[in-house]
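Asks: pasting the sequence and the predicted coordinates here, then a few questions.
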Amino acid sequence: MNTERKLLAAAMSSRPAFDAVDRHLDQEDLTEPGRLVMDQIKAYYDRDPAAKLVDIENLRGLVLQTVSNPKHKQTFETIMDALSETEVSGINVVQELIGAKMEALGAKLSNALASGDADGVLDMMAEYEELSSCTSLGEEEESDLLNAPTIEDLVGKEDEVGHLIPMYPRALNERLDGGLLRGHHVVIFARPEMGKTMFLCNLVGGFVSHDLRVLYIGNEEPIEDTGLRMLGRITERTRYEVLADRLGTYDLAVERGYRNLYMKRLTPGTPREIEALVQEVNPDVLIIDQLRNVQMKEDNIVRQLEKAANAVRQIGGRNQCLVLSVTQAGDSASGKSILDMGDVDSSNTGIPGACDVMIGIGASGEDEASGRRVLSLPKNKRSGRHDFFPVGVNPSIAKIVSMD
């Protein structure tokens, strides 16, 4: 059985196997026909976030729809026939892939060290370490099989005091049925200067005041600038007031939960580095600002964003923390109040498929002049309310308030 067929069969066999294969696969690992089939497997999972595996006959139809040449159709019929007869162990195929990657990278690293070529050695070492840490498919370690579950089985976590994480402002929290659970992944998107950092600061102010531990990983703005804005939001003081009374501001911030905030700048950071920090801090909430700067082994920006979104979602699932990640909105969102999935820059299919909730921040010229933004929920698996609503903003203290 050739390697390509095993990889495709593993990706079809289970979503965790697909996530692992997709994370480590390079374009050159597959033939052109193999890449087309893998793209359709990915599209299948993206369209149905609840899908646990790929239906082979459904996939066959999707693949053949993309091919017009009769000779090429026959080639893909042959491929699909072979896949329908292929049974593999997803976890073992993934480990075979990772082993081959480590062997090739180890040889490349040895040659670089022997020749004294320092360029790229640190990156190769970091990649080798990340590969060596991949020992399972994560989600397959625990069975989620439930037989006639009781109401307590289904909502028990929400009944636990403190398990539901409230979101801010109030209008947003109400549309999310009172908050989110650890393991959920939220994507926040907006055009530049539309208030993404202000939105994060407002959330952090609420989180820490409720004794929730927050790990903020920034890779865009200097961490000191963001930290000062978060300090202002927690104390509800302007930058001028913070600097004029530094000791008093710090004491007030500590009184309001400031010590629950951990901050780190990674420029860029790999999923492995992010997860190491998560395991060190053990946060209730992980914030990634921004997705496009998470280092993935992928030259294509669309694939890079999709892989980054999937990687941070898996980190949240493995470590049971709420993940908030930030990405850009495209030109289509300029001057627009209500945003939808199509306004996400570069990856308006892959990113939505890798999250539970999407929050768009938009504004028309009139909105900006009136001191408000419009929050949109184009994806909301939490409550199903695909709503939009205005909120008031106070940039001087990074505060966002409900208007309804």
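Replies: Nice, thanks for sending it over.
Asks: the longest helix along the chain - what's its average pLDDT?
Replies: In the chain, taking DSSP state H as the definition, the longest helix is helix 90-115. In this model, helix 90-115 has an average pLDDT of 81.
Asks: gap between that helix and the chain center?
Replies: Helix 90-115 has its C-alpha centroid displaced from the chain centroid by 26 Å (CA atoms, centre = their mean, to the nearest Å).
Asks: can you give me the buried ones in that helix?
Replies: For helix 90-115, the neighbour count (16 or more other CB atoms under 10 Å) marks 90-91, 93-98, 101-102, 105, 109, 112 as buried. Just so you know, the C-beta spots here come from the backbone N, C-alpha and C atoms, and that holds for glycine as well.
Asks: mind giving me JSON lines with those and columns for distance to residue 283?
Replies: Converted to JSON lines, the buried residues of helix 90-115 look like this (distance: CB to CB, whole Å):
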{"residue": "90", "distance to residue 283": "30"}
{"residue": "91", "distance to residue 283": "28"}
{"residue": "93", "distance to residue 283": "33"}
{"residue": "94", "distance to residue 283": "28"}
{"residue": "95", "distance to residue 283": "30"}
{"residue": "96", "distance to residue 283": "34"}
{"residue": "97", "distance to residue 283": "31"}
{"residue": "98", "distance to residue 283": "27"}
{"residue": "101", "distance to residue 283": "30"}
{"residue": "102", "distance to residue 283": "30"}
{"residue": "105", "distance to residue 283": "31"}
{"residue": "109", "distance to residue 283": "33"}
{"residue": "112", "distance to residue 283": "36"}
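Asks: let me know the closest of the residues you listed to residue 35.
Replies: Residue 35 has its nearest neighbour among those in residue 97, at 15.4 Å by CB to CB.
Asks: in the stretch 51-200 of the chain, which spans are strands?
Replies: Ranges of strands within the stretch 51-200 of the chain are 185-190, based on DSSP state E, counting those that start in this stretch.
Asks: re the thing from before, which strands and helices lie in contact with the longest helix of the chain?
Replies: Using 3 or more CB pairs under 8 Å, 6 or more residues apart in numbering; DSSP states H and E as the contact criterion, the secondary-structure elements in contact with helix 90-115 are helix 3-13, helix 15-24, helix 121-132.
Asks: reformat the ones you listed as CSV; add mean pLDDT and distance to residue 38.
Replies: Rendered in CSV, the data for the helices and strands packed on helix 90-115 read as follows (pLDDT from 0 to 100; distance: least, CB to CB, whole Å):
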stretch, mean pLDDT, distance to residue 38
helix 3-13, 88, 6
helix 15-24, 82, 8
helix 121-132, 70, 20
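Asks: for residue 167, find the nearest of those.
Replies: Using CB to CB as the criterion, the shortest distance between residue 167 and these is 26.1 Å, found for helix 15-24.
Asks: now the following helix or strand past that closest one: mean pLDDT?
Replies: Scanning the chain past helix 15-24 towards its C-terminal end, the next helix or strand to appear is helix 32-47 (assignment: DSSP states H and E). Confidence over helix 32-47, taken as the mean pLDDT, stands at 89.
Asks: for helix 32-47, C-alpha coordinates in CSV please.
Replies: This file holds the C-alpha atoms of helix 32-47, laid out as CSV (Å, rounded to 0.1, in the frame of the first residue of the first chain):
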residue,chain,number,x,y,z
GLU,A,32,-1.6,16.5,-7.7
PRO,A,33,-4.5,14.1,-7.7
GLY,A,34,-3.8,13.3,-4.0
ARG,A,35,-3.9,17.0,-3.2
LEU,A,36,-7.3,17.4,-4.9
VAL,A,37,-8.7,14.5,-2.9
MET,A,38,-7.2,15.9,0.4
ASP,A,39,-8.7,19.3,-0.4
GLN,A,40,-12.2,17.7,-0.7
ILE,A,41,-11.7,15.8,2.5
LYS,A,42,-10.9,19.1,4.2
ALA,A,43,-13.9,20.8,2.6
TYR,A,44,-16.1,17.9,3.9
TYR,A,45,-15.1,18.4,7.5
ASP,A,46,-15.3,22.2,7.2
ARG,A,47,-18.9,22.0,5.9
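Asks: what's next to it, contact-wise?
Replies: Contacts to helix 32-47, defined as CB atoms under 8 Å, 6 or more residues apart in numbering, come from residues 4, 7-8, 11-12, 15, 18, 22, 25, 27, 30, 51, 54, 58-59, 62-63, 66, 75-76, 79-80, 83, 306, 349-350, 352-353.
Asks: apart from its neighbours in sequence, what residue is nearest the residue nearest the centre of the chain?
Replies: In the chain, the centroid-proximal residue (CA atoms, centre = their mean) is residue 309; its distance is 3.0 Å. Of all residues not flanking residue 309 in the chain, residue 354 sits nearest, at 3.7 Å (CB to CB, 6 or more residues apart in numbering).
Asks: hang on, that neighbour packs against residue 315?
Replies: No - at 11.8 Å, residue 354 and residue 315 do not qualify as touching, with contact defined as CB atoms under 8 Å.
Asks: surely residue 374 is in a strand?
Replies: Yes - using DSSP: H, G, I helix; E, B strand; the rest coil, the secondary structure at residue 374 is a strand.
Asks: tell me, how many residues neighbour it?
Replies: Residue 374 sits with 19 neighbouring residues when counted by other CB atoms under 10 Å.
Asks: dump the residue contacts of it.
Replies: If you count contacts by CB under 8 Å, 6+ apart, residue 374 has them with 337-338, 361-363, 367, 388-391.
Asks: tell me the one among these nearest to residue 230.
Replies: Minimum distance to residue 230 across these is 17.4 Å, recorded for residue 361 (CB to CB).
Asks: in a strand, that closest one, correct?
Replies: Yes - under three-state DSSP, residue 361 falls within a strand.
Asks: how is this structure partitioned into domains?
Replies: When the chain is parsed with automatic domain parsing, its domains come out as 3-141, 154-402.
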